[in-house]
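# show me how the following folds:
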Amino acid sequence: MNAPVNIRKRAEIELTIDKMIQAGEGFRAPLLRAAADGLIAVTISTRGSPVPANLLKAKKATCVLLADDHPLATGPDRWEQAKTLLRWSEMVILHAAGGQDRHYILAAMLTMISGRVVLVEMQGQHHDAWRALALTMMDGRRILSIVVPPGDVHPRPGAPEGVTIQ
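Numbers count the residues shown, from 1 in each chain. The predicted structure is shown next:
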């Protein structure tokens with residue numbers, strides 16, 4: 001299991017932003033820049049990696065990003081901590097659409113306002129499962145769903161794995 005990404009130094013965050021841009025995931029940059037500026041803390045969990053309890057006790061506004069938008073995505077079942085994280089959060093953002101800068105600007109702003117946000121990046125087929133879990137665990141707290149327009153899908157079918165498009 002992978003360890004969550006929790007970087008705090010500005011130089012490390014800027015390097016991470018550069019790597020994400022190179023990997024075609026630069027849409028997360030606004031969220032990470034808010035962390036680099038000291039406005040919020042960001043922890044990124046992939047493939048069900050646990051978020052350490054001490055990070056959930058931080059006094060700084062914190063966004064826990066669960067990256068479940070990849071070929072091996074399973075929905076909330078992969079995260080043993082899913083219920084705990086949703087109980088911890090003041091707001092959950094269910095993101096089942098292509099990443100856009102404005103979505104991550106919004107996530108940074110909502111983290112500053114709410115204090116504790118869980119941002120779940122997911123494929124569209126897992127939205128209903130994540131939403132059902134959030135409705136059960138959030139106890140009336142805010143849930144924001146960002147989804148593709150009716151008739152569209154996420155992710156969109158693309159080139160086969162291993163093919164480079166130039």
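
# what helices or strands is the helix or strand where Val92 lies leaning on?
Using DSSP states H and E, the element containing Val92 is strand 91-96. Counting contacts by 3 or more Cβ pairs under 8 Å, 6 or more residues apart in numbering; DSSP states H and E, strand 91-96 packs against helix 101-114, strand 116-122, helix 127-137, strand 142-147. Bear in mind the C-beta positions are built from the backbone N, C-alpha and C, glycine included.

# okay, and the residue positioned nearest the centre of the chain sits in which element?
Among the residues of the chain, the one closest to the centroid is Leu65, at 3.0 Å (Cα atoms, centre = their mean). Assigned by DSSP H and E, Leu65 falls within strand 62-68.

# report the angle between that strand and helix 127-137.
140 degrees (axes from the mean of the first three to the mean of the last three Cα atoms, to 10 degrees).

# work out the gap between strand 62-68 and the centre of the chain.
3 Å (Cα atoms, centre = their mean, to the nearest Å).

# stretch 119-131 now?
11 Å.

# and it, what's buried?
119-124, 126-127, 130-131 (16 or more other Cβ atoms under 10 Å).

# what two of the residues you listed have the greatest distance between them?
Spatial extent of the buried residues of stretch 119-131 (Cβ to Cβ) is set by the pair Leu119 and Gly124 at 16.1 Å.

# follow-up on the earlier one: what's near enough to touch the residue nearest to the centre of the chain?
Leu65 is in contact with 28, 31, 42-45, 119-121, counting by Cβ atoms under 8 Å, 6 or more residues apart in numbering.

# thinking again about what came up before, who touches the strand holding Val92?
By Cβ under 8 Å, 6+ apart, strand 91-96 touches 69, 86, 103, 106-107, 110, 114, 116-124, 126-127, 130-131, 134, 138, 141-148, 154.

# go on, stretch 21-28?
Counting by Cβ under 8 Å, 6+ apart, 17, 20, 29, 65, 99-101, 103-104 sit against stretch 21-28.

# could you export that stretch as CSV, CA atoms only?
The C-alpha coordinates for stretch 21-28 follow below in CSV (Å, rounded to 0.1, in the frame of the first residue of the first chain):
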residue,chain,number,x,y,z
ILE,A,21,1.9,19.4,-14.6
GLN,A,22,4.4,17.2,-16.5
ALA,A,23,2.1,14.2,-15.9
GLY,A,24,-0.9,16.1,-17.3
GLU,A,25,-2.5,16.7,-13.9
GLY,A,26,-1.7,20.3,-13.5
PHE,A,27,-5.3,21.0,-12.6
ARG,A,28,-4.4,20.3,-9.0
